[in-house]
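Student: Got a sequence here, can you build the structure:
(one chain, ligands or ions: 3)
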Amino acid sequence: MPQKNTTLGEFIIENQSEFKYSSGELSRLINSIRLAAKVVNHEVNKAGLVDILGAAGDTNIQGEDQQKLDVFANEAFIKTLTNREIVCGIASEEEDDYITIVGRNKKNDNKYVVLIDPLDGSSNIDVNVSVGTIFSIYRRVTEPGTPVTLDDFLQPGRNQVAAGYIIYGTSTMIVYTTGHGVNGFTLNPAIGTYYLSHPNMKFPETGKIYSVNEGNYVHFPQGIKNYIKYCQEEEDDRPYTSRYIGSLVSDFHRNMIKGGIYIYPNTAKDPNGKLRLLYECNPMAFLAEQAGGKASDGITAIMDIQPTTLHQRTPFLCGSIRMVEKAEEFVKEFGSELT
Ligand SMILES: O=P(O)(O)OC[C@H]1O[C@](O)(COP(=O)(O)O)[C@@H](O)[C@@H]1O
Ligand SMILES: [Mg+2]
Ligand SMILES: [Mg+2]
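Tutor: Ligands and ions are numbered 1, 2, ... in the order given. Presented below is the predicted three-dimensional model:
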């Protein structure tokens, strides 16, 4: 068990050998994400004082109004990763297409691709509610020395070599996995160092919290409607408590610590769900499974879905294993079709 208060830098080095390709590249990659997260954290913490609140004036490929902080975070992560010569490609929620990084030596020999949601919970930026960054890392499938292709990004979640999130909340934390459990590190802002504060994080097997935007209830599939009614019944350990921050990272983080389920189903407005498979659902699913939880679209495990497009969406159920299993029972019995 890792020692509490180990710094993130020490932890990365100590655990490098766990990683089957351990040539230090992945460690350098995680270190770069740590650096970019500090840059973004610095801006988030003083958001009201600098011109970083509000819309940036453009829309992204999802048709969403980009917030200034979406654009700032996107640029910070892309710049930091590009300058460190460790990735051969980056895909982002805020970029229409993937970015090819040939590298200073123009040899395309870097081995990893990174997919990011630079700023998660954009609707909460202007109201000082916690937001995050989500990242997913794969080893490329194409030969090093050749340009990266879409195939390097459209890999099933099972192929992830690392994934995690940064939460910019009452404290700033990095929570990640390389397939050997989930660990959380808290930033000591006075000295700019992350310390291991949450070793070996585990989802409680069950919980009493459900997180869903009930404002969309009438547009939910019957199975999800019935599961929400089940959560609200006066029976056994129910009713559960409804908690919904509206930032996936923050709702996930709370549920992983306290036990709970997060649901964003398909709706009339979003027939394939709202959340993006590659840079929201896959990384959270990897963390969930590594922490003993579960993540599916109601029927199929998220990490078993074969992606077909960069920004594809999926219905998402994620959290404590017993709660996700129960919700899946309702989906199987009453269907995921829209009513
Ligand atoms: O406002 P809604 O429809 O409930 O959606 C909230 C969900 O959408 C998101 O904000 C989508 O992420 P982005 O902010 O990165 O676009 C999630 O963080 C959150 O869980
Ligand atoms: Mg998001
Ligand atoms: Mg986002």
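Student: Just the pLDDT for K20.
Tutor: Reading off the confidence values, K20 has pLDDT 59.
Student: Spell out, range by range, the helices that occur in the stretch 151-300 of the chain.
Tutor: Counting by DSSP state H, counting those that start in this stretch, the stretch 151-300 of the chain has helices at residues 222-232, 248-258, 282-290.
Student: Mean neighbour count, these: which tops it?
Tutor: helix 282-290 (a mean of 27; mean count of other C-beta atoms under 10 Å). From N, CA and C alone the C-beta is placed, and that goes for glycine too.
Student: okay, the helices of the stretch 151-300 of the chain in CSV with distance to I302 next?
Tutor: Compiled in CSV, these are given as follows (distance: least, C-beta to C-beta, whole Å):
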stretch, distance to I302
helix 222-232, 16
helix 248-258, 13
helix 282-290, 4
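Student: which residues in the stretch 51-200 of the chain form strands?
Tutor: Counting by DSSP state E, counting those that start in this stretch, residue ranges of the strands within the stretch 51-200 of the chain are 55-59, 65-67, 87-92, 99-100, 112-120, 131-139, 162-168, 172-177, 182-188, 193-198.
Student: V331 against Y227, yeah?
Tutor: Yes - between V331 and Y227 there is a contact under C-beta atoms under 8 Å: 7.5 Å.
Student: any common contacting residues for the two?
Tutor: Counting by C-beta atoms under 8 Å, 6 or more residues apart in numbering, no residue touches both V331 and Y227.
Student: CA atoms of the top helix by length along the chain as PDB?
Tutor: Of all segments of type helix in the chain, defined using DSSP state H, the longest is helix 25-45. Output for helix 25-45, consisting of C-alpha atoms alone and laid out as PDB, is shown next (Å, rounded to 0.1, in the frame of the first residue of the first chain):
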ATOM      1  CA  GLU A  25       7.300   7.800 -21.300                       C
ATOM      2  CA  LEU A  26       4.100   7.200 -19.400                       C
ATOM      3  CA  SER A  27       5.600   8.800 -16.300                       C
ATOM      4  CA  ARG A  28       6.700  11.800 -18.300                       C
ATOM      5  CA  LEU A  29       3.200  12.000 -19.800                       C
ATOM      6  CA  ILE A  30       1.500  11.900 -16.400                       C
ATOM      7  CA  ASN A  31       3.900  14.500 -15.200                       C
ATOM      8  CA  SER A  32       3.000  16.800 -18.100                       C
ATOM      9  CA  ILE A  33      -0.700  16.400 -17.300                       C
ATOM     10  CA  ARG A  34       0.200  17.400 -13.700                       C
ATOM     11  CA  LEU A  35       1.900  20.500 -15.000                       C
ATOM     12  CA  ALA A  36      -0.900  21.600 -17.300                       C
ATOM     13  CA  ALA A  37      -3.400  21.000 -14.500                       C
ATOM     14  CA  LYS A  38      -1.500  23.500 -12.300                       C
ATOM     15  CA  VAL A  39      -1.700  26.100 -15.100                       C
ATOM     16  CA  VAL A  40      -5.400  25.600 -15.400                       C
ATOM     17  CA  ASN A  41      -5.900  25.400 -11.600                       C
ATOM     18  CA  HIS A  42      -4.100  28.800 -11.200                       C
ATOM     19  CA  GLU A  43      -6.600  30.300 -13.700                       C
ATOM     20  CA  VAL A  44      -9.700  28.600 -12.100                       C
ATOM     21  CA  ASN A  45      -8.800  29.800  -8.700                       C
END
